[in-house]
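Novice: with the sequence up front, the predicted model follows.
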Amino acid sequence: MCAETPADMRHPNHVLDELGFRYDPNNLFQQTANALLEAAEILDLPHHLRLILAQPKTEVMMHFPVRLDNGDYRLFKGYRVQHNNILGPYKGGMRFHPSVSLDDIKSLAVLMTLKCSLAQLPLGGAKGGVQVDPRSLSRDELRRLTRRFTAALDGNIGVDHDIPAPDMGTNAQIMAWMADTYMNFNDHMGKHQARAIVTGKPIEFGGSHGREKATGQGLVYTLERCLPDVGIPMDQMTYSLIGFGNVGSWAARLLAERGSKLITVMDHTGAILNTHGIDAADLANYVVKHAGVAGYPKADAIDEKTFYETQVDVFIPAALEQMVHEHNASWLNCKVLAEAANAPCTPAAERILLDRGVLILPAILCNSGGVTVSYFEWKQNRQAETWDLEKVDRQLKKHIYTAADKSLQATRRFNVDLRTGSYIAALENIGKVYDMRGIFP
Ligand code: NAD
């Protein structure tokens, strides 16, 4: 006989109960799946599709040894989660970070499925990574780790099956090592075809113009499309940033070209403020030399609370997940929160912000520039073409504007917040394709 689950352990969405999840409100995967299921409910998506989409199709976990420079061996844990491929091959970043966990990777894979659908890409959702602090390794150790991880992934990735990309802690160099390793194992395929195994590669090795800045560029196009609705001119906009890595620093440099003013920045080393504006290009040079914003001489050091409380038009988290939570959400003093990072707000924080009338621009829209230009890179590799930057930016803008318009339309049609609207727009597309293809057999 099946024991009944106590009421306080029951999930707000019965689909997750049906799948046997023990309710944990702090679990990132459950938060993400729940948001998807809420949108599915409003859209009246068939029950079997809700079951399918509430779980990834495949979860791979591997342990592999790497020789360190001092001759010792260390065992690392790596993941690849493939959520859904109804729209096309799996696509998603590889993260190297000490806090990488299976549930977080599952959550990010779900977001990739929704993001690819909203951005009108013929790709599915995946995510992966290694539990490691890449800053603690030498260049040689990082190269050996990347090669060994790629070998361990084996047939789980493939040019037409699953195509990784950079994410936190990984970059174009790491993508080049991944591609080279894969090409050595798959020489039956033409070399130019095989390098399409990853995107975000260096330009000289099959990368795309505009890929490095793509996520920041996509964020700028999202703001350009959505801010007029709330009466914030970009050339007068003030903003705060959490994270000054790839996404944050590119967004800041591109926003400087539009005349927006960066007031505060926080990263893993500290927080800084300058009410007259921080020069993004100058700060980017400083961060390359000093590995963080702490000690930047042209701004004042501030504590975390002051960082969150500083009044700005737009608050942009571009670092880890769940950094805006119920304890600091009420400190925020902004009109718009633009999610450059994936899942930077907990559901509790989101409720606080929505109640206060803050417009939240969801991650599946704001940071879809990265995967969109990754798709362009994959397409260029497959067709042996090279697009110039002007073409990349023009196409990217088209995808982002359409994604923003679809999200805004669904938001109005169903009278929901913009996150729910964007999820509905993404799910509607996926639902139609399932309806046409049916469930095998
Ligand atoms: P990155 O590794 O280049 O930079 C990460 C930044 O986060 C760094 O500035 C780091 O100092 C900061 N950070 C780390 N821990 C922090 C902490 N505890 N407090 C404050 N700051 C902290 O990573 P990235 O590629 O810029 O990715 C940032 C976010 O954007 C991630 O959520 C990632 O999933 C998302 N994203 C990235 C891309 C891409 O193309 N790189 C695409 C889509 C989404």
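Specialist: Noted; the coordinates are in hand.

Novice: pLDDT weak spots in the stretch 151-300 of the chain?
Specialist: Confidence mapping of the stretch 151-300 of the chain against pLDDT under 70 gives the ranges 187-191.

Novice: got the residues of it near the ligand?
Specialist: For the stretch 151-300 of the chain, the residues in contact with the ligand (CB under 6 Å from any ligand atom) are 166-169, 215, 242-248, 266-268, 292. Yep, even glycine has a C-beta here, placed from its N, CA and C like the rest.

Novice: of those, buried ones?
Specialist: Among those, the ones that count as buried by 16 or more other CB atoms under 10 Å are 166-169, 215, 242-248, 266-267.

Novice: related to what we said a few turns ago, narrow the residues of the stretch 151-300 of the chain next to the ligand to those in strands?
Specialist: 166, 242, 266, 267 (DSSP state E).

Novice: now the two most distant members of the residues you listed.
Specialist: 166 and 266 (22.1 Å; CB to CB).

Novice: what about the longest strand anywhere in the chain, near the ligand?
Specialist: Longest strand of the chain, by residue count under DSSP E: strand 73-84. No - judged by CB under 6 Å from any ligand atom, strand 73-84 stays clear of the ligand, getting no closer than 13.8 Å.

Novice: grab the nearest non-local neighbour of residue 384.
Specialist: residue 192 (5.9 Å; CB to CB, 6 or more residues apart in numbering).

Novice: that neighbour: neighbouring residues, count only.
Specialist: 13 (other CB atoms under 10 Å).

Novice: which strand or helix spans it?
Specialist: Here residue 192 sits within helix 191-194, counting by DSSP states H and E.

Novice: and that helix, what's buried?
Specialist: Buried residues in helix 191-194 (16+ other CB under 10 Å): residue 194.

Novice: nearest spatial neighbour of residue 181, skipping sequence neighbours?
Specialist: Nearest to residue 181 is residue 150, by CB to CB, 6+ apart, at 4.1 Å.

Novice: now the strands for the chain?
Specialist: Assigned by DSSP E, the strands in the chain fall at 58-67, 73-84, 90-97, 124-131, 162-166, 238-242, 261-267, 270-273, 300-302, 314-317, 336-338, 359-361.

Novice: from the contact counts, what lies against the helix holding residue 192?
Specialist: Packing contacts for helix 191-194, counted by 3 or more CB pairs under 8 Å, 6 or more residues apart in numbering; DSSP states H and E, involve helix 172-185, helix 368-383.

Novice: just name the most buried of those helices.
Specialist: Each of the helices and strands packed on helix 191-194 was scored by mean neighbour count; the highest is helix 368-383, a mean of 24, by mean count of other CB atoms under 10 Å.

Novice: the longest helix along the chain: how far from the chain's middle?
Specialist: In the chain, taking DSSP state H as the definition, the longest helix is helix 389-414. Offset of helix 389-414 from its chain centre (CA atoms, centre = their mean, to the nearest Å): 17 Å.

Novice: do stretch 384-395 as well
Specialist: Distance of stretch 384-395 from its chain centroid, counting by CA atoms, centre = their mean, is 22 Å.

Novice: so which residue is smack in the middle of this protein?
Specialist: With distances taken as CA atoms, centre = their mean, the residue of the chain nearest its centroid is residue 342 (4.4 Å).

Novice: ok, now which ones touch it?
Specialist: Contact analysis of residue 342 by CB atoms under 8 Å, 6 or more residues apart in numbering lists 107, 108, 111, 321, 363, 367.

Novice: now swap in residue 334 and tell me
Specialist: 240, 311, 312, 313, 314, 315, 358.

Novice: the ligand: which of these is nearest?
Specialist: Nearest to the ligand out of the contacts of residue 334 is residue 240 (CB to the nearest ligand atom; 11.9 Å).

Novice: could you give the bridge partners of that closest one?
Specialist: On the basis of DSSP bridges, residue 240 is bridged to residue 264, residue 315.

Novice: isn't it right up against residue 260?
Specialist: No - the criterion here is CB atoms under 8 Å, and residue 240 misses it with residue 260 at 11.3 Å.

Novice: what's the domain layout of this structure?
Specialist: 7-52, 56-202, 214-366 (automatic domain parsing).

Novice: return the distance of the residue of the chain found nearest the ligand relative to residue 352.
Specialist: Nearest to the ligand, among the residues of the chain, is residue 245, at 1.8 Å (CB to the nearest ligand atom). Per CB to CB, to the nearest Å, residue 245 is found 27 Å from residue 352.

Novice: which ones are touching residue 251?
Specialist: With CB under 8 Å, 6+ apart, residue 251 has these contacts: 215, 216, 219, 220, 241, 316, 318, 340.

Novice: in the sheet, who's paired with the closest residue to residue 58 other than its chain neighbours?
Specialist: With sequence-adjacent residues excluded and distances taken as CB to CB, 6+ apart, residue 58 is closest to residue 82, at 4.3 Å. Counting by DSSP bridges, residue 82 forms beta bridges with residue 58, residue 126.

Novice: tally of neighbours for residue 82?
Specialist: 26.

Novice: that one and residue 126 touch, don't they?
Specialist: Yes - with contact defined as CB under 8 Å, residue 82 and residue 126 form a contacting pair (4.6 Å).

Novice: what sits in contact with each of these two?
Specialist: Joint contacts of residue 82 and residue 126 (CB under 8 Å, 6+ apart) are 90, 109, 162.

Novice: look at the second one and report its pLDDT.
Specialist: Okay, so that is residue 109. We have a pLDDT of 98 for residue 109.

Novice: how close does it sit to residue 81?
Specialist: For residue 109 relative to residue 81 (CB to CB), the value is 4 Å.

Novice: what is in contact with these two at once?
Specialist: 56, 126, 127.

Novice: grab the nearest non-local neighbour of residue 182.
Specialist: According to CB to CB, 6+ apart, the nearest residue to residue 182 is residue 197 (4.5 Å).

Novice: where do the helices of the stretch 201-350 of the chain begin and end?
Specialist: 214-226, 246-257, 280-290, 304-309, 347-355 (DSSP state H, counting those that start in this stretch).

Novice: most tightly packed of those?
Specialist: helix 214-226 (a mean of 24).

Novice: what does that one contact?
Specialist: Contacts to helix 214-226, defined as CB under 8 Å, 6+ apart, come from residues 210, 234, 237, 246-255, 258, 314, 316, 336, 338, 340, 359, 361, 365-370, 372-374, 392-393, 396-397, 400-401, 404-405, 408.

Novice: against residue 437, how distant is residue 262?
Specialist: Counting by CB to CB, the gap from residue 262 to residue 437 is 46 Å.

Novice: which of the two has more neighbours?
Specialist: More neighbours surround residue 262 than the other of residue 262 and residue 437, with 27 against 9 (other CB under 10 Å).
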